[in-house]
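In: Could you look at this predicted model? Sequence included:
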Amino acid sequence: MGKWADGTGTLATDAVREVPLEVAASYRARRRGLLGRDGIAGAMLIVRTNSVHTFGMRFAIDVAYLDGSFTVRSVVTMRPGRLGMIRPRGRYVLEAEAGAMADWGLRPGVRVRVDLTAGPDRAG
């Protein structure tokens, strides 16, 4: 994918058709992530990262580390107040409420598709 920008879209796999997706590409959006929220409908894709933390979060999350081809490298559930391990081959991170990724069939080896819609540098 070319240049990333904050925006929205959908996430899909062979097992799940469409999951609402928020994209955090700017420094500010990546830094904030899901902090200060009580939940998320769908998932958040954080670009250009291979590690996350849950300090200051209000709920447990599933974290999927993706490589450059959007293939899931690993999936972990993190409670608030944790620091995730660095994944050297990770390029993107997907975050969702705890339990959601199991429902979507996300596990190592699964390739996800991202369809981007609205954003500052895109026509909606």
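Out: All right, it came through fine.

In: What sits closest to Ile86 if chain neighbours are left out?
Out: Leaving aside its sequence neighbours, Ile86 sits nearest to Ser51 (CB to CB, 6 or more residues apart in numbering; 4.4 Å). Just so you know, the C-beta spots here come from the backbone N, C-alpha and C atoms, and that holds for glycine as well.

In: again, but for Arg37
Out: Arg58 (6.8 Å).

In: which residues does that neighbour contact?
Out: Gly36, Arg37, Asp38, Pro80 (CB atoms under 8 Å, 6 or more residues apart in numbering).

In: burial count for the residue nearest to the last one when sequence neighbours are not counted?
Out: The spatial neighbour of Pro80 that comes closest, neighbours along the chain excluded (CB to CB, 6+ apart), is Met57 at 4.4 Å. Met57 is flanked by 20 other residues according to other CB atoms under 10 Å.

In: Distance of Arg31 relative to His53?
Out: Separation of Arg31 from His53 (CB to CB, to the nearest Å) stands at 11 Å.
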